[in-house]
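Engineer: attaching a predicted model along with its sequence, questions to come.
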Amino acid sequence: MNRIYLDHAATSPVHPAVIDEMMTVMQGTFGNPSSIHSFGREARSIVDHSRSIAAASIHADHNEIIFTSGGTEADNMAIIGAAMKNRERGNHIITTEIEHHAVLHTCQNLEKQGFEVTYLPVDETGRISVDAVKAVLREDTILVTIMFGNNEVGTIQPISEIGHLLKDHQALFHTDAVQAYGLQELHVGELGVDLLSVSGHKINGPKGVGFLYCRKDVDILPLAHGGEQERKRRAGTENVPGIAGLAKAIEIASSSMEEKRTRYAGFKEILKGNLDESGISYEENGSLEHGLPHVLNLSFAGTDVESMLVNFDMSGIAVSSGSACTAGSIEPSHVLVAMFGGDSEKIRNSIRFSFGFGNTEEDIVRAADEAVKIIHRLTT
């Protein structure tokens, strides 16, 4: 049985060209980028070139890129680093109820250290309003951290509008763009963000590498101490093969962005169209107007998410109920709870399909056919 992977929002397969790039670096360039001899200079050249590629992808300066171990470290570095550095200016932070746990748990930890955090609610499409941010903004607010696109339902937040709101305020603005990067055009100047998180393994790059954009005149407190790597902002010898692989993945993602957006939008229509033709009832969770192209979250009344996941897996279809980072948790999705309330059936019967590299129309048709069989089996 050929398996079909429709969980690209959790992680994505590494592109063959990325593997080739990493293999070339691992086999030929082992020097420490901080060494001054030729071996070190070769490694430094790879890191510098990769940094320029990452910076260009979001219209930033190369010195504004800090390589990290991934999105979680980038989020932690941005939020903790900004909060601790600016503590004398205030202790209030604004975020939303539907952030990834890399943001939510970090904010909750800061609350234990005396910071006050406002968690903004969302509407039934998973979106916040700029007015809601404005209403809770205070003189002592030092950080606003709001994700670009949600990893479970795909809803995109009004980031540029919030950036404009904060233009003359002391608060720094961070966005977790892990799920949107590679599929949405991101221009940090136009968005008005000071800090932006990216992860490699969401864009067919390797796991264990990502970056944080940190605007050049923004100072954050480092989390790690040791060497002076990353302009003294992140100690530790750089993961040179990983960084090279990330750069290759960025190049591929940037050159194919529009084609992917169109293709994934088509996948959504194929899947929903097949369900419609088969008489399957469903509701789409998330914003139809402001949504990521590769995430489709559907609610099937009368079903149970655990039974659906098992049935899909037995059919060779890999889908998810939400964030892979909370897999195994007995708690319902905090995103769906925020959108629909704790008593809603949708928090127990929703499935996320997420598309990516390697998927074909034939895959989507087969996944839809299997979905029809499974929903019929569980509801009749």
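Structural biologist: Arrived safely. Model, not experiment: these values are computed from the prediction.

Engineer: which ones are touching residue 39?
Structural biologist: Each residue near residue 39 by Cβ atoms under 8 Å, 6 or more residues apart in numbering is listed here: 29-32. C-betas here are computed from N, CA, C, even on glycine.

Engineer: scratch that, residue 81
Structural biologist: So residue 81 contacts 220-223 (Cβ under 8 Å, 6+ apart).

Engineer: reformat the residues you listed as TSV; add pLDDT and distance to residue 359.
Structural biologist: What follows is the contacts of residue 81, written out as TSV (pLDDT from 0 to 100; distance: Cβ to Cβ, whole Å):
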residue	pLDDT	distance to residue 359
220	97	38
221	96	42
222	95	40
223	94	37
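
Engineer: ok, those residues vs residue 380, which is closest?
Structural biologist: residue 223 (53.4 Å; Cβ to Cβ).

Engineer: circling back: dump the contacts of residue 81 to a markdown table, plus neighbour count, distance to residue 83 and secondary structure.
Structural biologist: Formatted as a markdown table, the contacts of residue 81 follow (neighbours: other Cβ atoms under 10 Å; distance: Cβ to Cβ, whole Å; DSSP: H, G, I helix; E, B strand; the rest coil):
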| residue | neighbour count | distance to residue 83 | secondary structure |
| --- | --- | --- | --- |
| 220 | 23 | 9 | coil |
| 221 | 14 | 8 | coil |
| 222 | 17 | 13 | coil |
| 223 | 15 | 11 | coil |
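
Engineer: save the residues you listed as a markdown table, and put in distance to residue 117 too.
Structural biologist: Formatted as a markdown table, the contacts of residue 81 follow (distance: Cβ to Cβ, whole Å):
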| residue | distance to residue 117 |
| --- | --- |
| 220 | 18 |
| 221 | 18 |
| 222 | 22 |
| 223 | 19 |
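
Engineer: among these, which one lies nearest to residue 246?
Structural biologist: Distance to residue 246, by Cβ to Cβ, is smallest for residue 223 among the contacts of residue 81, at 19.8 Å.

Engineer: distance check, that closest one against residue 27.
Structural biologist: 32 Å (Cβ to Cβ, to the nearest Å).

Engineer: on that earlier part again, show me which of the contacts of residue 81 is closest to residue 291.
Structural biologist: When the contacts of residue 81 are compared against residue 291 (criterion: Cβ to Cβ), the nearest one is residue 220, at 31.1 Å.

Engineer: residue 337 reaches residue 346, doesn't it?
Structural biologist: No. With contacts counted by Cβ atoms under 8 Å, residue 337 stays clear of residue 346, the gap being 9.5 Å.

Engineer: those two: which is more packed in?
Structural biologist: Between residue 337 and residue 346, residue 346 has the larger neighbour count (other Cβ atoms under 10 Å), namely 22 against 17.

Engineer: please name the residues that touch that one.
Structural biologist: 283, 285, 299, 336, 339-340.

Engineer: then residue 274?
Structural biologist: By Cβ under 8 Å, 6+ apart, residue 274 lies in contact with 365, 368-369, 371-372.

Engineer: pull out the buried positions in the lowest-mean-pLDDT helix or strand in the chain.
Structural biologist: Scoring the helices and strands of the chain by mean pLDDT, DSSP states H and E places helix 229-232 at the bottom, with a mean of 92. Residues of helix 229-232 classed as buried: 229-230 (neighbour count, 16 or more other Cβ atoms under 10 Å).

Engineer: ranges for the helices of the stretch 51-200 of the chain?
Structural biologist: 71-85, 101-112, 130-136, 159-165, 188-191 (DSSP state H, counting those that start in this stretch).

Engineer: now mean pLDDT too, for those, in CSV please.
Structural biologist: CSV is the format used below for the helices of the stretch 51-200 of the chain (pLDDT from 0 to 100):
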stretch, mean pLDDT
helix 71-85, 98
helix 101-112, 98
helix 130-136, 98
helix 159-165, 98
helix 188-191, 98
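
Engineer: how far away is residue 49 from residue 21?
Structural biologist: 11 Å.

Engineer: more neighbours: which of these two?
Structural biologist: Remark: of residue 49 and residue 21, residue 21 carries more neighbours, 23 against 14, as counted by other Cβ under 10 Å.

Engineer: the more buried one - that's part of a strand, no?
Structural biologist: No. Under DSSP: H, G, I helix; E, B strand; the rest coil, residue 21 falls outside any strand and is assigned helix.

Engineer: who's in contact with the closest residue to residue 242 other than its chain neighbours?
Structural biologist: Leaving aside its chain neighbours, residue 242 sits nearest to residue 209 (3.7 Å; criterion: Cβ to Cβ, 6 or more residues apart in numbering). Going by Cβ under 8 Å, 6+ apart, residue 209 touches 67-70, 200, 239, 242-243, 245-246.
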